[in-house]
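Peer 1: below are the sequence and a predicted model; questions follow.
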Amino acid sequence: MRIRTLFPLIIATTLAAASPAPAADRPDVLFIAIDDLNDWTSALGGHPQARTPHLDRLMARGVTFTNAHCAAPACNPSRAALMSGLRPHQTGIYTNGDPAQGKMRDTLTLNRHFLAQGYRVLGGGKIYHNFNAEGREDSWTEWKGLFPSAGGHEQNLNGLDRSHFDWGPIPAKTDEMGDTQLTDWAIGELQKPAGDQPLFLAVGYVKPHLPWYVPQEYFDRFPLDSVALPTFRDDDLDDIPPAGVRMAGPDGDHAAVVEAGQWQRAVQGYLATISYLDDQIGRLLDGLDRSPRAGKTVIILWSDHGWHLGEKQHWRKFALWEEATRTVLTITAPGIAPAGQVCPAPVDYLSIYPTACELAGLPIPDSVKGPSLLPLLRDPAAQWDGVALCTHGRGNHAIRDARYRYIRYENGEEELYDHETDPMEYTNLAADPAQASVIARLAQHLPTEEASPTNTAPKAGGKGKGKGKAKAKGQPNKKAASQ
């Protein structure tokens, strides 16, 4: 009861003073990460057939950011940026092929900060990407890692023979799935006596990451003959510069899917896998509501990036358009955030670290520069001057404000879309002289210096350690396309 009564006061005190709130007065934090979930939730309206009643139930508890974007459209750089509070152009972690270990090892990551501030910090599932330092004593109180899933050895169910770019029902029970076991573990931790030490519980769901293998019952929820394809245009790449077409890769995944007649089955597989994930979110919420922490826990749920399913003849993430960068972000903060509200302000994931600190009554490290979302949690319609910045490879950036998306590639090629009239980004306005002032305004948010990618950076002690000019050449690492 004490935490619930003092919760709003704690936040106000933290904002006014640098010292953290007493441990006994801090809220618990449930930190939920989801892999590869775009806006295909019924609340966000990304696909008319998406069924996510439990995500909707969570969104009804707090504020959902409808114009939220990742810092990078790939698992590794997105998660590294979110957990460190540092952008890809600051760390050199641009793609899945850029190792995070070196930079993250000595960085005050979000989990390390909460641990150092007296939280019991538990983590399980996928929080980072291929980063093997999670188990260090200075990172977590306890690290559970990934939970193995039944059905993980099936391959080529769709006949495309493209590694884990695969989908189809598997002969497994729901309770044999890795994310189900992760949920079981998290519920068990939530239901333990609260005690005096606050809890930071990070739950990292792997689904709906490829392959889309889930039990038959989830595919049955979406009969194949009624599955609708995403909105698209055959000529959508016609006004996109060569750098953008290369990112789209129309002759790769998309050509293979169309030739094999697998587009509708792929959509079915993604919807089915999201539905499975949503069931686990529901179980987790039920477990929280039955626990001693019910009603007094901050919940931060995010997906690491969006996902294309044929829009612009592109599949997966690894691009700078809306479908790849727009993400799911919803925050429940009892006593702070009004329930069931949406916020249209353009935000990105550099704001999650400072927001988590302020909601927990902790100081924000000096290294974390992103703006806190606390003003928008208190008033979702508050004035917001920020923009979202997303990076895919050194020199390739997208800026998203309340109305426009501006993309500049490392070779200077550009795209501009007006979401007020063109929400699907069909018409590139970058060559229109009437839009020059818009481009100039958005371009001011581009970085002026960019670190070298960590996979090519000189060894410690070498010259030019990680610094470079923004126009230095370099395309996204090709290894990214395999993840």
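Peer 2: Received, thanks. Numbering: from 1, shown residues only.

Peer 1: what sits against Leu108?
Peer 2: For Leu108, the contact set (CB atoms under 8 Å, 6 or more residues apart in numbering) comprises Ser84, Ala116, Pro365, Ser367. Quick note: C-beta positions are derived from backbone N, CA and C, even for glycine.

Peer 1: please indicate which of these are buried?
Peer 2: Ser84, Pro365 (16 or more other CB atoms under 10 Å).

Peer 1: any chance of the contacts of Leu108 in JSON lines, plus pLDDT and secondary structure?
Peer 2: As requested, those are arranged in JSON lines below (pLDDT from 0 to 100; DSSP: H, G, I helix; E, B strand; the rest coil):
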{"residue": "Ser84", "pLDDT": "96", "secondary structure": "helix"}
{"residue": "Ala116", "pLDDT": "96", "secondary structure": "helix"}
{"residue": "Pro365", "pLDDT": "98", "secondary structure": "coil"}
{"residue": "Ser367", "pLDDT": "96", "secondary structure": "coil"}
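
Peer 1: put together a markdown table for the contacts of Leu108, with distance to Val267 on each row.
Peer 2: What follows is those, written out as a markdown table (distance: CB to CB, whole Å):
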| residue | distance to Val267 |
| --- | --- |
| Ser84 | 34 |
| Ala116 | 45 |
| Pro365 | 42 |
| Ser367 | 41 |
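
Peer 1: greatest separation within the contacts of Leu108: which pair is it?
Peer 2: Ser84 and Ala116 (14.7 Å; CB to CB).

Peer 1: show me where the stretch 1-150 of the chain has its helices.
Peer 2: Here the stretch 1-150 of the chain has its helices, by DSSP state H, counting those that start in this stretch, at 2-16, 53-59, 75-84, 88-91, 101-105, 110-116.

Peer 1: against which helices or strands is the second one packed?
Peer 2: Think helix 53-59. Contacts defined by 3 or more CB pairs under 8 Å, 6 or more residues apart in numbering; DSSP states H and E place helix 53-59 against helix 263-289, strand 297-303, strand 329-332.

Peer 1: tell me how far the residue of the chain most remote from its centre lies from Pro380.
Peer 2: Distance from the C-alpha centroid of the chain peaks at Pro433, with 34.6 Å (CA atoms, centre = their mean). Going from Pro433 to Pro380 by CB to CB, to the nearest Å gives 36 Å.

Peer 1: would Val342 count as being in a strand?
Peer 2: Yes. Under DSSP: H, G, I helix; E, B strand; the rest coil, Val342 falls within a strand.

Peer 1: rewinding a little: which one of the contacts of Leu108 is nearest Pro375?
Peer 2: Within the contacts of Leu108, distances to Pro375 taken as CB to CB reach their minimum at Pro365, with 19.7 Å.

Peer 1: surely that closest one is in contact with Ser84?
Peer 2: No. The criterion here is CB atoms under 8 Å, and Pro365 misses it with Ser84 at 9.8 Å.

Peer 1: all helices for the stretch 151-300 of the chain, in order.
Peer 2: Ranges of helices within the stretch 151-300 of the chain are 178-190, 216-220, 242-248, 255-259, 263-289, based on DSSP H, counting those that start in this stretch.

Peer 1: want to throw these into TSV with distance to Asn411 and mean neighbour count?
Peer 2: Listed next are the helices of the stretch 151-300 of the chain as TSV, based on distance: least, CB to CB, whole Å; neighbours: other CB atoms under 10 Å:
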stretch	distance to Asn411	mean neighbour count
helix 178-190	40	21
helix 216-220	43	17
helix 242-248	6	18
helix 255-259	25	15
helix 263-289	31	22
